[in-house]
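J.: sequence and predicted structure are below.
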Amino acid sequence: MNRHQEYTRGEYRKTNATKRAERAVVRRTLTAVMTVGLMHLTLTSHHAHAGGKLGDHSIWLELKEQIFPGETLQDGAHLMTMQSPMRALDAAIVPISIRFKNPETIKNLSLVIDHNPAPFAMKLYSDSTHESPNVDVRIRIDSYTYLRAVAETKTGEFFEIANFIKAAGGCSAPSLSGMAEAEKHMGEMKMKFIEQDTNGMVKAQFLIRHPNYSGFQFDQISRSEIPAHYIDSVIITSNGKTLFRVEPSVSMSENPHFTFFYKGDDIGKTIDVLATDSEGKIYQRHWDVPPSLPEVVVKPFTIKGQSI
């Protein structure tokens, strides 16, 4: 080995050692920067959630005036609860559960998602004898936002609760099964009767297959936006009595799903469903009512979740 070769290898070893040291410094610096950034993001998100109060966001002040003009919305934390994930696993399918202390006093329930392109998610009616405002639904979330449940009582008062949800991209997420498959099964329905409590309230689940296009999704084949096409009404009746009525919007998830409750006394032996979508299509089906269901004890109303 000549002197030039020794020098070259020595310098090569030195250069590699220097580069490794420099890379280590860069890694430590980036790690520190990312840690500080994440801490800042976490603290900012935490303060936005923990410090947020009803009505202190300008966008909500505008929405409230548009949707509930002239109405005073009171704190409804004593009246109802809303269960929702603080951070959604899938922004296109966010499960929401709402329960009332005295459901018989409620006339209707509205869901509003502050930062969704279509903030008004749904309106559920419960002013008939057999209906209940207690409900489980699945919604889309476009970005970090407050979800608000606003209930109107039969005496004309309005009450509100709100949860903060961390999720993004749900309104533009593609169909879970693909467009062709989703449209092939459009309008297919499922009904499941689950149980009946000691007060005679029946718990049931209803699902209708529908892509529920939001108008913000993209067709990967045609390279164009998919027009909005969604379920806009579901009415469930029995023997002329209304058991469940809801007017959903594009903010509801694909294949709209509702767990609902109805007074099981004095209804017919079949249940009829009439659903329509934004293109005027009509979907109908009926089911036989089971002669008996598992009976459960009425659970006491408790304050849970993220009521603000």
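T.: That came through, no problem. Numbers count the residues shown, from 1 in each chain.

J.: tell me where the model's unsure across this protein.
T.: 1-56, 304-308 (pLDDT under 70).

J.: the helices in it, which residues?
T.: For the chain, applying DSSP state H gives helices covering 3-50, 58-67, 179-184.

J.: got a list of what residue 152 touches?
T.: Contact analysis of residue 152 by CB atoms under 8 Å, 6 or more residues apart in numbering lists 106, 107, 108, 109, 110, 158. Just so you know, the C-beta spots here come from the backbone N, C-alpha and C atoms, and that holds for glycine as well.

J.: now render the residues you listed as TSV, adding neighbour count and distance to residue 201.
T.: Listed next are the contacts of residue 152 as TSV, based on neighbours: other CB atoms under 10 Å; distance: CB to CB, whole Å:
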residue	neighbour count	distance to residue 201
106	24	14
107	17	18
108	19	18
109	23	16
110	19	22
158	17	25
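
J.: closest to residue 85 among those residues?
T.: Lowest distance from residue 85 to these (CB to CB) belongs to residue 109, with 19.8 Å.

J.: mind checking how far that closest one is from residue 127?
T.: The gap separating residue 109 from residue 127 is 11 Å, by CB to CB, to the nearest Å.

J.: do residue 107 as well
T.: Applying CB to CB to residue 107 and residue 127 gives a distance of 5 Å.

J.: what residues are shared contacts of those two?
T.: residue 154.

J.: give me the neighbour count for the closest residue to residue 144 other than its chain neighbours.
T.: The shortest distance from residue 144 to any non-neighbouring residue, by CB to CB, 6 or more residues apart in numbering, is to residue 166 (5.4 Å). Look at residue 166: counted by other CB atoms under 10 Å, it has 16 neighbours.

J.: correct me, but residue 166 touches residue 91?
T.: No: using CB atoms under 8 Å, residue 166 is not in contact with residue 91; the gap is 9.2 Å.

J.: residue contacts, residue 107?
T.: Contacts of residue 107 by CB under 8 Å, 6+ apart are 125, 126, 127, 152, 153, 154.

J.: buried only: go through the residues you listed for me.
T.: 125, 126, 152, 153 (16 or more other CB atoms under 10 Å).

J.: now those as a markdown table including distance to residue 303?
T.: Formatted as a markdown table, those follow (distance: CB to CB, whole Å):
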| residue | distance to residue 303 |
| --- | --- |
| 125 | 25 |
| 126 | 21 |
| 152 | 21 |
| 153 | 18 |
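
J.: quick one: residue 189 from residue 137, how far?
T.: The gap separating residue 189 from residue 137 is 16 Å, by CB to CB.

J.: neighbour-wise, which of the two wins?
T.: More crowded of residue 189 and residue 137, by other CB under 10 Å: residue 137, with 22 against 17.

J.: distance of the more buried one relative to residue 278?
T.: For residue 137, the distance to residue 278 - CB to CB - is 18 Å.

J.: what's near enough to touch residue 158?
T.: With CB under 8 Å, 6+ apart, residue 158 has these contacts: 68, 71, 72, 73, 74, 150, 151, 152.

J.: tell me how many other residues crowd the third one.
T.: If I follow you right, that is residue 72. Quick note: residue 72 (other CB under 10 Å) scores 8 neighbours.

J.: check the fifth one too.
T.: Applying other CB under 10 Å, we find 15 residues neighbouring residue 74.
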